[in-house]
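Chemist: how does the following fold in three dimensions:
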Amino acid sequence: MVPTGGMRRIRLDPVLVALVGLVVATLALAACGHRARDRGPPPRRAFYYWRTTFTQSPAERRALTELGVTRLYVRMFDVEWSPALSAPSTVGPINAGTPAPDLTGLEVVPVVYLRNQVFQQLAAERTDEAARFVWNEVGQRAAALGVELHELQLDCDWTDSTRDRFFAFIEATRRLAEPRGVALSATIRLHQIKYRERTGVPPVERGMLMFYNMGKFSADPEARAIFDAASARPYLDRIADYPLPLDAALPIWSWTLLLRDDVVEGLLQSTDPDELPKLDFLRPLDGGRFQVARSAFLHGTLLRKDDILKIEVTGPEETLAAARMLAPHLATATTARTIALFDLSERNLKRHATDDLDHVFRTVR
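Modeler: Numbering: from 1, shown residues only. I've put the predicted structure just below:
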């Protein structure tokens, strides 16, 4: 009988308590291990390098070392259609800089940006010729930079109307690459993920999901083009079942839009947003915008009086938000996937501390 107003004390067997604790701990460890396995192995860390002179500042080398980066995706050149030649031609090829970059511990993956216009013009019977042209140009550039070729990445925003010609180009390139042990990868944009039945899946070993440039260029001060969560959300559900192993690229860069009469007139990619407040021909407005007070040139672009410059900055908060948004939708990787940041430059590293970038890398697997 329990005395009125009191409680009975129950003596527990110490052995039983220990056994229960052991079972609980084992189950917790198993659950943690299961979750870790589900996430896959830690990713390889990478940067894109998108400049025309291949060099490296002390700050850039320090960031690569501190972050444990093992890959650089280096743009070799663009390919556009030349009406004069009626053939593809290279634009803005990369050149060796001084000092040469320290590539210790780094694998360099050459990247070629192919404008969709090329495949709107290229005749089917000239596909092999175009593939040989691009392959030879890549080989020459890689040799000049001291880069050994193991993988080639093809970057093209192809559409349903150009898919067959682009995919035929990939197959022709594969016939050149495979005997030399070179793998092919391709960049994949969100619309190519969602509408794969129309745009197709490229015949490559891996895809690099470009998780940026998802919004629209707009004069609206609130609109964002680099990373916009609302624009990305409708595409997320189709990422996990994409039929290629997917790596992922996340944004760390910023740019400036040139607006004229409330219309986007151009994009000033080489303009550092931090330099705009120092220019005497610009008048600050709200929302990170500037009005041109008098006509002037800025890095070779003519700005007319009353034009508006709209800054879009991708800071640590936006990059981490993109990583957190994407991470749950990537299929479990059986081998280490690559997470790349676009792109490597002192300007971008000033806005993104090493600890912030390390957090981003650890967020996505």
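Chemist: need the pLDDT of residue 25.
Modeler: On pLDDT, residue 25 comes in at 43.
Chemist: buried stuff in stretch 279-293?
Modeler: Judged by neighbour count using 16 or more other CB atoms under 10 Å, the buried positions of stretch 279-293 are 279, 282, 289, 290, 291, 292. Just so you know, the C-beta spots here come from the backbone N, C-alpha and C atoms, and that holds for glycine as well.
Chemist: from the contact counts, what lies against the host helix or strand of residue 64?
Modeler: Applying DSSP states H and E as the criterion places residue 64 in helix 58-67. In terms of contacts (3 or more CB pairs under 8 Å, 6 or more residues apart in numbering; DSSP states H and E), helix 58-67 is packed against helix 346-351, helix 354-363.
Chemist: now these as a markdown table including mean pLDDT?
Modeler: Shown next, in a markdown table, are these (pLDDT from 0 to 100):
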| stretch | mean pLDDT |
| --- | --- |
| helix 346-351 | 94 |
| helix 354-363 | 97 |
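Chemist: so can I have a markdown table of the ones you listed showing distance to residue 122 and mean neighbour count?
Modeler: Shown next, in a markdown table, are the helices and strands packed on helix 58-67 (distance: least, CB to CB, whole Å; neighbours: other CB atoms under 10 Å):
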| stretch | distance to residue 122 | mean neighbour count |
| --- | --- | --- |
| helix 346-351 | 35 | 16 |
| helix 354-363 | 38 | 17 |
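Chemist: and which of the buried residues of stretch 279-293 is nearest to residue 233?
Modeler: Here the nearest of the buried residues of stretch 279-293 to residue 233, counting by CB to CB, is residue 289; it sits at 26.5 Å.
Chemist: ok, back up a step: tell me the buried residues in the helix or strand following the helix holding residue 64?
Modeler: Sequence order places strand 71-82 as the next helix or strand after helix 58-67, per DSSP H and E. Residues of strand 71-82 classed as buried by neighbour count (16+ other CB under 10 Å): 71, 72, 73, 74, 75, 76, 77, 78, 79, 80, 81.
Chemist: and if you look at stretch 257-265?
Modeler: Across stretch 257-265, burial judged by 16+ other CB under 10 Å covers 257, 258, 259, 264, 265.
Chemist: ok, the closest residue to residue 200 other than its chain neighbours - contacts?
Modeler: Spatial nearest neighbour of residue 200, chain neighbours left out: residue 163 (4.4 Å); criterion: CB to CB, 6 or more residues apart in numbering. Contact analysis of residue 163 by CB atoms under 8 Å, 6 or more residues apart in numbering lists 198, 199, 200.
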